[in-house]
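**Student:** sequence and predicted structure below; questions after.
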Amino acid sequence: MKVLLIFPPRTHAARILLLDSIEEHMGHKPPLGLMYIAAYLKRNSVHEVFLLDSQVEDLSVPQILAQVDRINPDVVGITAWTDYWYDITRLIEGIKRRNRGTHVSLGGPHASVFPKLSLDHPGVDSIILGDGEAPFLALVDALSGGSSPRGIPGLFLKGDEANAENSSFYWHENLDELPFPARTALPLQNYTSVLGKERLATTMVTSRGCPFQCIFCKLHYQRTRLRSADNVVEEFQEIRGLGIREIELYDDTFSVSRQRVIDICQELERRKLGVNWMCRDRVDNVDEETLSWMKRAGCSRIHLGVESGSDRTLKTVKKGITTSQIRAAVGAAKRAGLEVLTYFMLGLPGETREDIGETIAFAIELDPDYATFSVTIPYPGTELYNRGLAEGVIPRDYWREYVEQPVPDFCLPHLYEEHLTKEELLRVRNRAIKQFYFRPRYIRKNLSRVTSLRALLRRARMALSLFKETGR
């Protein structure tokens, strides 16, 4: 069978208060989930697999449908994000107008949060909840053989709406069994990073799921599973063989197992691959020895979820860390010679203007190499969103309304506006960006670290976008 896997466009994406002009200069990340599924199908079947990243190619729905006409697929798999639901629905409708017999299957976070509403869409034939590799292959094999695909774990067909609403997810237990993502199925040169030092960059994950319960996260339904150190290093080796020397590890928490991290680093150091890599982690997971091994193995930057400079707020959002641990982790990473990027969220439950001022001051005190300041988005399916609805801070279930009647360029009508309005939160976010990034000391420090004209131009474009955006 012909199988087309699509990462959807964001032409008319919901307006989630991102700095959209900056997004254009941040680079693109490859769609790992679809690349895993493509690799799994290619290794375990004779089906013909096509992969389309609509965002990196800047394709509109009509342009994607032109590709559908060219390929004429039997099955289409789409990674569904609620943010992109309007364009996804237009895409599904266009596919079905061309061929009612084309089987359309959805996966991704939207299907997991809204399983019944996803199956209720007249053009959706099935959804997959959880890891998609094995269920999607079983679906395509069954359709190819003319048999019923019902009874496949994690797969729900039209008519299974009630079961999907109360379903369990499919989790692939042994991640080492999975082939590495099919990176060559997409043009490698399309994927870069504004913070990168190399021309090409890619992403990978060494684990799936997260054991922590932060109330703002959509991943609370996932189980945590780790790949072995040897398997991880083999993927590093394959990526290096593709001519890519920069990798961002997108694990939710890289150091869930301290010994596994050390094992990975020791083997990377032994092989001397010459790969520059970065990871995301928690401040209570890192220590001096682990960070030292990471640096020796080629890690150049660590991303730490700080979120707030208030211990009270950190406790409220169930982050499970303290400001003392944050200071210790940032200091240890700097001493190890790593660049540090910290994430901050503004407008969390209970936060006042004074609390946010404390967070901004804390960011400047920590003085990481990079900091992101985001207005908190109450995403559907999170404890944060459900709490806001229950307490009346969010007056109506606007995400469900949008899914039931999607409109182009939908803008969130409400945030978690307990003490500050949406407009006030946007203003304090802009103030945070200005106070952090436009300090003379910060500018001097970062100009001294730029190693190429290409990197200088990328960062200059981002800085100009920051200045224009925060001046509004």
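**Tutor:** Sure, I can see it. Treat the numbers as computed from the prediction; the structure is a model and nothing was measured.
**Student:** now for this structure, the helix or strand with the poorest mean pLDDT.
**Tutor:** Across the helices and strands of the chain, the lowest-confidence element by mean pLDDT, DSSP states H and E is helix 20-23, at a mean of 42.
**Student:** what about the stretch 201-350 of the chain, any weak spots by pLDDT?
**Tutor:** 218-221 (pLDDT under 70).
**Student:** tell me where it has helices.
**Tutor:** Assigned by DSSP state H, counting those that start in this stretch, the stretch 201-350 of the chain shows helices spanning 229-241, 258-271, 288-296, 311-316, 323-335.
**Student:** helix 288-296 and the second one, what's the angle between them?
**Tutor:** Computed by axes from the mean of the first three to the mean of the last three CA atoms, to 10 degrees, the angle separating helix 258-271 from helix 288-296 equals 30 degrees.
**Student:** and the angle from helix 258-271 to helix 229-241?
**Tutor:** 40 degrees.
**Student:** which secondary structure elements does helix 258-271 contact?
**Tutor:** helix 229-241, helix 288-296 (3 or more CB pairs under 8 Å, 6 or more residues apart in numbering; DSSP states H and E). No exception for glycine: its C-beta is placed from N, CA and C like everyone else's.
**Student:** geometrically speaking, which residue is the centre of this protein?
**Tutor:** Y250 (7.6 Å; CA atoms, centre = their mean).
**Student:** correct me, but R223 touches S168?
**Tutor:** No. R223 is beyond contact range of S168, at 10.6 Å (criterion: CB atoms under 8 Å).
**Student:** more crowded one of the two?
**Tutor:** R223 (14 against 10; other CB atoms under 10 Å).
**Student:** tell me who's in contact with the more buried one.
**Tutor:** Contact analysis of R223 by CB atoms under 8 Å, 6 or more residues apart in numbering lists 169, 171, 208-209.
**Student:** apply 10 Å and report the result again.
**Tutor:** Taking CB atoms under 10 Å, 6 or more residues apart in numbering, we find R223 in contact with 130-131, 169, 171-173, 208-211.
**Student:** could you do A361 as well?
**Tutor:** Contacts of A361 by CB under 10 Å, 6+ apart are 309, 432, 435.
**Student:** hmm, 7 Å instead?
**Tutor:** A361 makes contacts with G309, as judged by CB atoms under 7 Å, 6 or more residues apart in numbering.
**Student:** how close does it get to Q325?
**Tutor:** Here the criterion is CB to CB, to the nearest Å. By it, A361 lies 18 Å from Q325.
**Student:** what is the strand or helix carrying I95 packed up against?
**Tutor:** Per DSSP states H and E: I95 is located in helix 85-98. Contacts defined by 3 or more CB pairs under 7 Å, 6 or more residues apart in numbering; DSSP states H and E place helix 85-98 against helix 61-71.
**Student:** name the residues of the helix it packs on that are buried.
**Tutor:** 61, 64-65, 67-68 (16 or more other CB atoms under 10 Å).
**Student:** how about stretch 122-135?
**Tutor:** 123-135.
**Student:** circling back to that earlier point, so what strands line up beside the helix or strand following the helix holding I95?
**Tutor:** The C-terminal neighbour of helix 85-98 among helices and strands, as given by DSSP H and E, is strand 103-107. Strand 103-107 has these partner strands in its sheet, going by DSSP bridges: strand 75-79 (parallel), strand 126-128 (parallel).
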